[in-house]
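> Dropping a prediction and its sequence here:
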Amino acid sequence: MQSIFICEDNLSQLNNFQTIINNYVMMEDLEMELTLATDNPIDILESLKEKDISNGIYFLDIDLNHEMDGLQLAQAIREYDQLGSIVFITTHAEMAAVTFKYKVEALDFIVKSSVEQIQGQMIEILKLIRERQIQGNSRQKQFVFTSGSKTRTISIDKILFFESLPQAHKIAINTFDSQYQTYDSLSNIEKYDDSFVRCHKSFVINIDNVESIDTKNKLVKMMNGSTCLLANSRIKKIKQLLLEKQPKYD
């Protein structure tokens, strides 16, 4: 899930920006969420310290009536998130040229005018970010599945494991930040990609996202700390695959 941050000192405008973004994300069912909307730039930095944010989206007012302005905030954000998309918002069109001096590689610049104009620009920016993600994902291996009435795609490298659910023919897809449910079988999942490996009758793991295995307790530990059951009959194969990928695995 891609995080969106807003920093705007005018509370009325801050509320408007939240509404615009929340409505569009919900309407388009985007893999984005409004993580934080605040008038204090320090709140943004504290959130980035606490969370491992990569490729976030930041809408920053330049004049924040704070000892740290939006340009300085953008510089500080770059220390935590080098790939994030930064968008400056201001009432002063002449500030556009100034932003380049700060070398934060801003994606866009919104000049405040009418609510409709700001809404249109915000939506176009979110569309552009989404389109670039899709283009980037097309160069990566993708897992395609149906969830409810929607067809979704996830980069295979974001998938941790699949597990069977009590409901017949239903499985859960567990990623680093989400869980999805779909109708399929683990037998089919195994055939989808070489990185998908059965470790138990109820689990298929992404071998590339395994941190370790515990043969005593019969568990596979994934990169995010979650665990999957490990069958005795699968221990040898899992060990061999990990040795091939991690020569120093013990």
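Good, I have the coordinates.
> host element of the closest residue to residue 111 other than its chain neighbours?
By the measure of CB to CB, 6 or more residues apart in numbering, the closest residue to residue 111 outside its immediate chain neighbours is residue 93, 4.8 Å from it. Any C-beta I mention is one placed from the backbone N, CA and C, and that applies to glycine too. Residue 93 belongs to no helix or strand when assigned by DSSP states H and E.
> where along this protein do the helices fall?
Remark: helices assigned in the chain by DSSP state H are 11-28, 41-50, 70-80, 95-99, 115-137, 186-192, 235-245.
> Tell me where the protein is predicted with low confidence.
By pLDDT under 70, the low-scoring segments of the chain are 94-102, 134-140, 246-250.
> Recalculate using a threshold of 50.
In the predicted model, the chain carries pLDDT under 50 at residues 247-250.
> Now distance to residue 5 too, for the helices of the chain, in TSV please.
Output for these, formatted as TSV (distance: least, CB to CB, whole Å):
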stretch	distance to residue 5
helix 11-28	10
helix 41-50	5
helix 70-80	8
helix 95-99	17
helix 115-137	13
helix 186-192	35
helix 235-245	35
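> picking up where we left off before, number of residues surrounding the residue nearest to residue 111?
Residues lying near residue 93 (other CB atoms under 10 Å) number 11.
> try residue 62
21.
> Now do the contacts for the closest residue in space to residue 21 that isn't next to it in sequence.
Among residues not flanking residue 21 along the chain, residue 34 sits closest, at 5.4 Å (CB to CB, 6+ apart). Contact analysis of residue 34 by CB atoms under 8 Å, 6 or more residues apart in numbering lists 4, 6, 18, 21, 22, 25.
> Look up how far residue 87 lies from residue 34.
14 Å (CB to CB, to the nearest Å).
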